[in-house]
Structures are given as structure tokens and as C-alpha cells.
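K.L.:
Build me a structure from this.
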Amino acid sequence: MKRYVTLEEISDGKLYTSNDMVKADCLGCKGCSKCCHAMGDTILLDPYDIWRFQKGLGKNANELLAEGKIAMRVVDGVILLHIQMAPCGEGEECCPFLDGEGWCTIHAHRPGLCRLFPLGRYYEDDGFKYFLQKSECDHPKAKVKISKWLEEPDLPRHEAFVFTWHGILKEAERLQEESGDDAFARNLNLFLLKTFYLAPYAPQEGFYEQFERRLAAYRKIVSA
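P.N.:
Numbers count the residues shown, from 1 in each chain. Alright, predicted model coming up:
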């Protein structure tokens, strides 16, 4: 999702790698779930999130869509999935995976954006770096190594996936703009949606192997 702001406006102005220490640890949040409220449709999901949901919840994207836990939206010309906020008080909405006391019920398999918060990613030509959002969370924080904060068992491979997925979305946006053909844009979007989101993942098989097979199918289509 594009953000038309400068790095200085939204961060401490620094870029970090996964080996850096940064003041991002919310110390268990201690009952605070502010970042899980009133987020609209901004908690976007990638294919790894869908695999993680299927592994942790035993439900695929189609089932979560049917339950209203996730929904679709168009971002920069591409259909993506996102967490669907739910009513949780008078005139208030929050994540549907919060319990009555404001605790996350899917913490072990929460989406990547939730793991990342309050960090963001700054993409460059050959990869990305992390930045610390300065006004998104006012909870007291301690320093933590970014790799530890993200809790990814194979962070280098996950970072490679994140950058590849970012490239796919950028490419899909570019292909649609270059074609100027509504039918092409619709077919490309449906292919992306079905291939990377709606086709159920095998929870007993590793994600990256499944993603590579789907990526090969995508590459075959766009190069035809």
C-alpha cells in the first residue's frame, strides 16, 4: 500500500536491518489493545498469513471470508485480503480475534503486519529495511532486536518472500496500467486471488515450497 509521506514524517528518520536493536517492544502490551481497534481495512494479509491461519485455525481463506473475519479490498489496482473489523462496543470496531478482555486469541499465528507493528518496511530496489513508526503507539517500550521481535523461525527466507510478494504486486499494477484493458485487469486479479489466496494451502507442508509452485504458475501466465 503506497504512502505519500516522507520517512521523517512517520518515523524517527532511521532505517534498520533485522540485526539492529530498536525501541519497539511493547512489554506484553499489559492489557492495551489500542492498535487492534478502529483499523478499518488496513491490516492487509499476504499468502503467508493465509497459510498461517490455515495451520493455526484450521480454516482456509474461503472459510474465513464466509465467517466475515476477513474481507477483500482493492489496493493499488490489486485485490487483496484484509482483517475485517467487527463491532466491539457502542460505535466502536476492533479486530474480530480479540477476546472480551482485549487479548489476541491468535497471537501465535497473527498476521505479519501485526508482528511488524510498530515497525514498517521501506522498500528499495534490492530489498527493504525497517523503520520505527513514531506516532502509531504511545505504549511504553523497551529495546529489542528486530529479528527477535518478528518471531519468524526462518527470517532470511521470510524476508525474501516478503520482497518477492511486494514485487508481484508492483508488477501486477504495472501490467494493468500498460494494458489499459479492463478484461485483462479483471482476469489477472482473479488469477492472483485464486492462486495465492483462495486455493487452500496444505497446513502440514511448509509454506515456501507451496508458494514457489504458485509463483511458477504466475510467472508462466505473465510471460505467455
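
K.L.:
can you pull out the helices in this protein?
P.N.:
For the chain, the helices defined by DSSP state H cover 7-10, 47-57, 61-67, 112-116, 146-150, 155-179, 182-193, 207-222.

K.L.:
wait, which of these is closest to Cys36?
P.N.:
helix 112-116 (8.1 Å; CB to CB). Using the backbone N, CA and C atoms, a C-beta is placed for each residue, glycine as well.

K.L.:
how far out from the middle of the chain is the closest one?
P.N.:
In terms of CA atoms, centre = their mean, to the nearest Å, the centre of helix 112-116 is set 7 Å apart from its chain centre.

K.L.:
Can I get it as PDB, trimmed to CA atoms?
P.N.:
Written as PDB, here are the backbone C-alpha positions of helix 112-116 (Å, rounded to 0.1, in the frame of the first residue of the first chain):
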ATOM      1  CA  GLY A 112       2.700 -10.300   9.500                       C
ATOM      2  CA  LEU A 113       1.600  -6.700   9.900                       C
ATOM      3  CA  CYS A 114       0.700  -7.400  13.500                       C
ATOM      4  CA  ARG A 115       4.100  -9.000  14.100                       C
ATOM      5  CA  LEU A 116       5.800  -6.000  12.500                       C
END
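
K.L.:
ok, back up a step: any chance of the helices of the chain in TSV with distance to Val75 as columns?
P.N.:
Below are those laid out as TSV (distance: least, CB to CB, whole Å):
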stretch	distance to Val75
helix 7-10	18
helix 47-57	14
helix 61-67	16
helix 112-116	13
helix 146-150	22
helix 155-179	8
helix 182-193	11
helix 207-222	18
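
K.L.:
centroid residue for the chain?
P.N.:
Central residue of the chain (CA atoms, centre = their mean): Leu45, 4.0 Å from the mean position.

K.L.:
since we're on the spatially closest residue to that one that is not a sequence neighbour, how many residues are nearby?
P.N.:
Nearest non-adjacent residue to Leu45, counting by CB to CB, 6 or more residues apart in numbering: Leu81, 4.5 Å away. Using other CB atoms under 10 Å, Leu81 has 26 other residues around it.

K.L.:
Might you report the residue contacts of Leu81?
P.N.:
Contacts for Leu81 (CB atoms under 8 Å, 6 or more residues apart in numbering) come out as 44-45, 50, 61, 65, 70-72, 197.

K.L.:
swap in Tyr123?
P.N.:
Taking CB under 8 Å, 6+ apart as the criterion, Tyr123 is in contact with 163, 166.

K.L.:
hmm, 7 Å instead?
P.N.:
His166 (CB atoms under 7 Å, 6 or more residues apart in numbering).

K.L.:
what does Lys23 give?
P.N.:
132, 141-143 are the contacts of Lys23 under CB under 7 Å, 6+ apart.

K.L.:
Among the residues you listed, which are located in strands?
P.N.:
The strands, defined by DSSP state E, take in 132, 142-143 from the contacts of Lys23.

K.L.:
What is the neighbour count of Ala71?
P.N.:
Around Ala71 there are 15 other residues, counting by other CB under 10 Å.
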